[in-house]
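Peer 1: Here's my sequence, what's the structure:
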Amino acid sequence: MTSANVKLFIGLDLSGSSKKKTAYAVLDCEKKLKFYGFLKTDEAIVKYIAEVRPEVIAIDAPLTLPKRGKMRECDRAVRSLGIRIFPPLMKGMEKLTMRGIALSKRLKNMGFRVIEVFPGGAQDILGIARKSKGVKKLYQGLSRLGLNIDEIPLDPDLLDAVTAAYTALMYFNKKYIAVVSDDCEIIFPLPSSKDA
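Peer 2: Reported below is the predicted structural model:
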């Protein structure tokens, strides 16, 4: 699908069910959007990733379970930063969490580098609008980061997937913040990466 020397970074805005669409976006090192679209089943996602061979896969979903209760320690740490985040075992999140864990495990077993990301939190840190504030505002904010995403539709899930892919690129470039606890790790782009 791509030449071997082109480094690619994929973001997945994972849905809680394989019956619903999962948005994906693929960026290169120059912040250019190479591919985007929707996939449904885990099989389709794994097959696509095997073809693209990204350097880093960023999944917008909890990829671990709490050691105690419904919330992980890193989720609490993210909340202490003033970023609203949902606990992995909150009602309505359990399916997404279990799907994220299974998919992450499968991709890691294939040799891929997988990180957990939270696009809404990344957008807060970067000082750009979340999709809840308006899709056009989110698009404009991503464009100001130097992302070449001209052809992408104004779809909220696709733009979250772009944010995830951008976080994967910043992780690769070592321009990231890791919120870490003994039960999880969530990656965010550095605020200064606006100029990266």
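Peer 1: what about the spatially most central residue of the chain, is that helix, strand or coil?
Peer 2: Note on the chain: the residue nearest the mean C-alpha position is Ala164, at 3.0 Å, using Cα atoms, centre = their mean. When classified by DSSP: H, G, I helix; E, B strand; the rest coil, Ala164 comes out as helix.
Peer 1: Can you check the pLDDT for it?
Peer 2: pLDDT for Ala164: 98.
Peer 1: what about the nearest residue to it once chain neighbours are set aside, which helix or strand?
Peer 2: Closest residue to Ala164 apart from its sequence neighbours, by Cβ to Cβ, 6 or more residues apart in numbering: Gly11 at 2.7 Å. Every C-beta, even on glycine, is put in place using the N, C-alpha and C of the backbone. Using DSSP states H and E, Gly11 sits in strand 8-13.
Peer 1: Could you spell out the sheet neighbours of that strand, each with its direction?
Peer 2: strand 22-28 (antiparallel), strand 56-59 (parallel) (DSSP bridges).
Peer 1: so for the first one, what's the average pLDDT?
Peer 2: Think strand 22-28. Here the average pLDDT along strand 22-28 is 98.
Peer 1: what's the spacing between the nearest residue to Pro66 once chain neighbours are set aside and Leu63?
Peer 2: Closest residue to Pro66 apart from its sequence neighbours, by Cβ to Cβ, 6+ apart: Arg72 at 4.5 Å. When Cβ to Cβ, to the nearest Å is applied, the distance between Arg72 and Leu63 equals 10 Å.
Peer 1: That concludes my questions; thank you for your assistance.
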